[in-house]
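Student: sharing a model that was predicted from the sequence below.
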Amino acid sequence: FDNGESGADVHGRAADFLLTLYRQMDLSHSAGPRSRHYVILTHGLFIRLFTMRYMGWTVSQFEQVWNPANCEIWHFERQRDGRYYLARGYRPRPVEGTGDRGDGKVPEYEMVESPLLYGKNRGFEVPELMRRPRSATPLLTNASP
């Protein structure tokens, strides 16, 4: 887009956000029990960049992962070591008979599990080795992976 934010700009924001999130997680841990659940609402490029930073993906790996669809959820599960695993995706699907087109009713939706798309033609799922953080500690610096 003309005068829009570049991928590099979004990557910089993702790095800043991660640093802030990790600091908050550390602060809440030292002050008592830390939160186990976090919700991040964002657009497709940002969630891919966020995941790239956290998982330690290379640029080549990142470029093979497709943006989530509108309203898609990427679910990360906390592991025993405190790190998060990219478990699955969910997409909204209209519930049959709850607002067919043209009747003026708003359809109801249910979330159904969906693959996290990978590869030139979206023909694969994100490989298992890319669903776990690459290093023992999350990336806490502004350096690119």
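Tutor: Everything's here; your move. Residues are numbered from 1 along each chain as shown.

Student: surely residue 86 and residue 133 touch.
Tutor: No: the criterion here is Cβ atoms under 8 Å, and residue 86 misses it with residue 133 at 9.4 Å. Just so you know, the C-beta spots here come from the backbone N, C-alpha and C atoms, and that holds for glycine as well.

Student: okay, and the common contacts of the two?
Tutor: Any residue near both residue 86 and residue 133 by Cβ atoms under 8 Å, 6 or more residues apart in numbering counts here, and that gives residue 55.

Student: contacting residues around the longest strand along the chain?
Tutor: The residue-count maximum for a strand in the chain (DSSP state E) belongs to strand 84-94. Contacts to strand 84-94, defined as Cβ under 8 Å, 6+ apart, come from residues 51, 54-55, 68-69, 71-79, 107-116, 126, 130-133.

Student: quick one: mean pLDDT over it.
Tutor: Averaged across strand 84-94, the pLDDT comes to 91.

Student: low-confidence regions, this protein specifically.
Tutor: For the chain, residues meeting the criterion pLDDT under 70 lie at 1, 25-36, 99-103, 135-145.

Student: show me the residue at the heart of it, geometrically.
Tutor: Nearest residue to the geometric centre of the chain (Cα atoms, centre = their mean): residue 47, 4.0 Å.

Student: now, of the contacts of strand 84-94, which are buried?
Tutor: For those, a burial check counting by 16 or more other Cβ atoms under 10 Å picks out 51, 54-55, 68, 72-74, 76, 114, 116, 126, 130-131, 133.
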